[in-house]
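A.B. asks: below are the sequence and a predicted model; questions follow.
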Amino acid sequence: MQKARWLDQDCNKCGRQLNSWDARLSKTLAYKYPCCESCIAREYDMSAERLRNRMEDYFGMRPCQGL
């Protein structure tokens, strides 16, 4: 499993620096502008842990190591 990398991009909603997991998540959910995991989880009214589990169950995506 690969480790999360910090990217030179910021979340479109809160301004936090994005990592590779945030980018994968945004791309999978077809966001036009990338958002961080916590903003995406808040939009779907769930915790980050629950969102990770949902992504693994439905899309087979696992979070990068270190998250």
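C.D. replies: Arrived safely.
A.B. asks: my read is residue 12 is in a helix, agree?
C.D. replies: No. The assignment for residue 12 (DSSP: H, G, I helix; E, B strand; the rest coil) gives coil, which keeps it out of a helix.
A.B. asks: residue 33 is in contact with that one, correct?
C.D. replies: Yes. Using C-beta atoms under 8 Å, residue 12 is in contact with residue 33, at 3.9 Å. Where C-beta positions appear, they are placed from N, C-alpha and C, glycine not excepted.
A.B. asks: buried sites along stretch 24-34?
C.D. replies: Neighbour-count burial for stretch 24-34 flags 24, 25, 26, 31, 34 (criterion: 16 or more other C-beta atoms under 10 Å).
A.B. asks: kindly indicate whether the fourth one is helix, strand or coil.
C.D. replies: Per three-state DSSP, the local secondary structure of residue 31 is coil.
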